[in-house]
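Trainee: pasted the sequence and its predicted model underneath.
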Amino acid sequence: MLIACLVLWAAIVPVQALIILDDLNIALLNTFNVYYVYVVSFFLMFCIGLAVIPSTGRVILGKPDEKPEFSNFSWFSMMFSAGMGIGLMVFSTAEPLWHFGGNPEIIKGNIEPYTSEAVQSTFRYAFLHYGLHPWGIYVATGLSMAYFAHVRNFPLTVRSCLVPVLGRYVNGYIGHALDIIAIIATLLGVAVTIGYGVDQLVTGINNLTAFNWLMSSGEDPVPNKTALILVLIFVMCLSTISASTGVQRGVKYFSNLNLVLSLILLLVFLFSGPLIFSFSLYGSALIDYIVTLPIISFEVFELNTPLGDWQEQGTILYWAWWIAFAPFVGLFLARISRGRSIREFILGALLAPAAVCFLWIVLLGGAAINLELSGIADGRIINAASSAQLFETLNVLLSSGVAKIVSAMSVVLILTFLITSADSGVLVLNTIMAGGTQHSAIKHRIVWGVILTVVIGTLLIVGDGSLEALQKAMIIGALPFSMVMVLMCISVVKAIFIDSKRK
């Protein structure tokens, strides 16, 4: 009902809806910007603490002698596709280029933008937004769900994670409210991710085919609303079909395909791009990130200043995005991680994905920056829209024929990443609404596929084809779930302590 009201309100009075979303969004950011910085760092420290403590790290998420349900390859590919996949296709190039022109060191006047001196701080903050912190958010949520589902055999829902804290109250109105918060956060987080992916998919199709009707007119054309809606419907139809086949079939197969195509794309950038520059950059950027991590994790800038504006539009927006995505990715991680130890779950879902995200950012973003620094790109990549920067990098880096082939593969990869993000989202939403059951009727998954399509399409139309409305709604929906996550962390620690005392 709440979701229906949101969609109807946005559809009937779109201007008023956008104004109210904007005002509420500003008020929340002004009030909770410090909270977002500290709570996300808390989630990361929480995960590291549970992994390094011997007594908690060796606990099996299931029966003591149970083996993992999926192979390491399938486990990682599904985890990576759901958690970051489509976001990296857009932002592996766009994120470093944004920081290349403006990050805290540049804003403070310590270095000049778009220079070789700006490279180190560029990747420091790109790694911050796509490294340990977002995966810490996912793991904190997923670990709590996995423990109560696989160790205590509770239904795979958010409310189950709070039994040690709330007791019998999880079965009443409080429990219903918790599931509603998780559904709204998931719906909006998935909507933003798919919205960005659809935008890039339309741009990629236009790059390959030159179908001018897909883009708006003007000096800086962007995908028009008609193209966005048509591609969205196509993607959601495929993802709903995939979700109907379940995790063991459609979701797993598409995720494995994603990982294979991702490796091919990374190899293209590795051997066609600046090889020595990339290897050197990965090592130096990783060291710089680790050394500065304690400082940048708790960095808070004054509001209504250039640094404060940067943090709101960058770090805070990302933290809200990952938190909104947490019930979706967390539940999905819990679903596919039965039989693994807590230490294996945390390290496997924290360190390995972060290292691969860094590789994406260095190879794709590093190649783009190197082309700009050398003067070969001559501003073509920097001045392109964020959804077009990957394709512009390929056009500059490769010959026209090879660029077309790799661009076509990238379009396919964007499509499959979109499908896995959407079908995983449909499965998660359906699981929460079905009270934790993982074997609900196919018709319910189809209904959630339709609901997700309508919500994304409506918000895209409200935002005049942009992602502005999606972002604002997502930040609003993420705040209450972040507070639920804090309770989930407290609850799982209490449960582990009680269970160990019993043993």
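Mentor: Yep, that arrived.
Trainee: from here on, just use CA atoms for contacts and neighbour counts.
Mentor: Will do.
Trainee: any weak-confidence spans in the stretch 151-300 of the chain?
Mentor: 210, 217-220, 243-252, 254-255 (pLDDT under 70).
Trainee: and the next helix or strand past the helix or strand where Asn395 lies?
Mentor: When elements are assigned from DSSP states H and E, Asn395 belongs to helix 389-397. Next along the chain after helix 389-397, taking DSSP H and E as the criterion, comes helix 400-433.
Trainee: roughly how far is the next helix or strand after that next one from the heart of the chain?
Mentor: Once the chain leaves helix 400-433, the next helix or strand it forms, by DSSP H and E, is helix 442-462. Offset of helix 442-462 from its chain centre (CA atoms, centre = their mean, to the nearest Å): 19 Å.
Trainee: which other helices and strands contact helix 442-462?
Mentor: helix 2-12, helix 14-52, helix 173-209, helix 225-245, helix 400-433, helix 468-502 (3 or more CA pairs under 8 Å, 6 or more residues apart in numbering; DSSP states H and E).
Trainee: mind doing that once more with 6 Å?
Mentor: Applying 3 or more CA pairs under 6 Å, 6 or more residues apart in numbering; DSSP states H and E, one finds that helix 442-462 contacts helix 225-245.
Trainee: which helices and strands sit right next to the helix it packs on?
Mentor: Using 3+ CA pairs under 6 Å, 6+ apart: helix 225-245 touches helix 400-433, helix 442-462.
Trainee: just the CA atoms of the helix holding Asn395, as PDB, please.
Mentor: In PDB, the C-alpha atoms belonging to helix 389-397 read as follows (Å, rounded to 0.1, in the frame of the first residue of the first chain):
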ATOM      1  CA  GLN A 389      32.600   7.700 -20.500                       C
ATOM      2  CA  LEU A 390      33.200   3.900 -20.700                       C
ATOM      3  CA  PHE A 391      32.300   3.800 -24.400                       C
ATOM      4  CA  GLU A 392      34.300   7.000 -25.100                       C
ATOM      5  CA  THR A 393      37.300   5.500 -23.400                       C
ATOM      6  CA  LEU A 394      37.000   2.400 -25.600                       C
ATOM      7  CA  ASN A 395      36.700   4.600 -28.700                       C
ATOM      8  CA  VAL A 396      39.900   6.500 -27.900                       C
ATOM      9  CA  LEU A 397      41.900   3.500 -26.600                       C
END
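Trainee: chain center to it: distance?
Mentor: The answer for helix 389-397 is 23 Å, by CA atoms, centre = their mean.
Trainee: and the angle from that helix to helix 173-209?
Mentor: Here helix 389-397 runs at an angle of 30 degrees relative to helix 173-209 (axes from the mean of the first three to the mean of the last three CA atoms, to 10 degrees).
Trainee: what average pLDDT does helix 389-397 get?
Mentor: The average of the pLDDT scores along helix 389-397 is 89.
Trainee: any idea of the angle that helix forms with helix 400-433?
Mentor: Taking the same axes, to 10 degrees, one finds that helix 389-397 is oriented at 160 degrees with respect to helix 400-433.
Trainee: got the contact list for helix 389-397?
Mentor: 93, 368, 381, 403 (CA atoms under 6 Å, 6 or more residues apart in numbering).
Trainee: and the third one, what does it touch?
Mentor: Going by CA under 6 Å, 6+ apart, Ile381 touches 389, 392.
Trainee: got the phi and psi for it?
Mentor: phi -80, psi -50 (degrees, to the nearest 10).
Trainee: give me the pLDDT for it.
Mentor: pLDDT, read off for Ile381, is 91.
Trainee: any idea how far it is from Ala352?
Mentor: Noted for Ile381: a distance of 29 Å to Ala352, by CA to CA, to the nearest Å.
Trainee: over to the second one?
Mentor: According to CA to CA, Ala368 and Ala352 sit 24 Å apart.
Trainee: among those two, which residue is more densely surrounded?
Mentor: Ala368 (30 against 15; other CA atoms under 10 Å).
Trainee: for that one, give me its contacts.
Mentor: For Ala368, the contact set (CA under 6 Å, 6+ apart) comprises Thr393.
Trainee: let me know the pLDDT of it.
Mentor: Confidence score, pLDDT, at Ala368: 92.
Trainee: now swap in Met84 and tell me
Mentor: pLDDT, Met84: 66.
Trainee: ditto for Ala17
Mentor: Note on Ala17: pLDDT of 71.
Trainee: with Thr122 instead?
Mentor: On the pLDDT scale, Thr122 gets 94.
Trainee: for the helix or strand harbouring it, name the packing helices and strands.
Mentor: Element membership of Thr122 [criterion: DSSP H and E] is helix 119-130. Counting by 3+ CA pairs under 6 Å, 6+ apart, the packing neighbours recorded for helix 119-130 are helix 86-101.
Trainee: hmm, back to that, show me the contact partners of the helix holding Thr122.
Mentor: Here helix 119-130 makes contact (CA under 6 Å, 6+ apart) with 96, 99-100, 289.
Trainee: let me have these in CSV, extended by neighbour count.
Mentor: Putting the contacts of helix 119-130 into CSV (neighbours: other CA atoms under 10 Å) gives the following:
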residue, neighbour count
Pro96, 27
His99, 24
Phe100, 27
Tyr289, 22
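Trainee: which of these sit farthest apart?
Mentor: Farthest-apart pair in those is Phe100 and Tyr289; separation 15.7 Å (CA to CA).
Trainee: re earlier: the helix holding Thr122: what's the following helix or strand?
Mentor: Next in line after helix 119-130, if elements are assigned by DSSP H and E, sits helix 132-146.
Trainee: got the angle for that following helix vs helix 119-130?
Mentor: Helix 132-146 and helix 119-130 are oriented at 20 degrees to each other (the same axes, to 10 degrees).
Trainee: buried ones in helix 132-146?
Mentor: 132-146 (16 or more other CA atoms under 10 Å).
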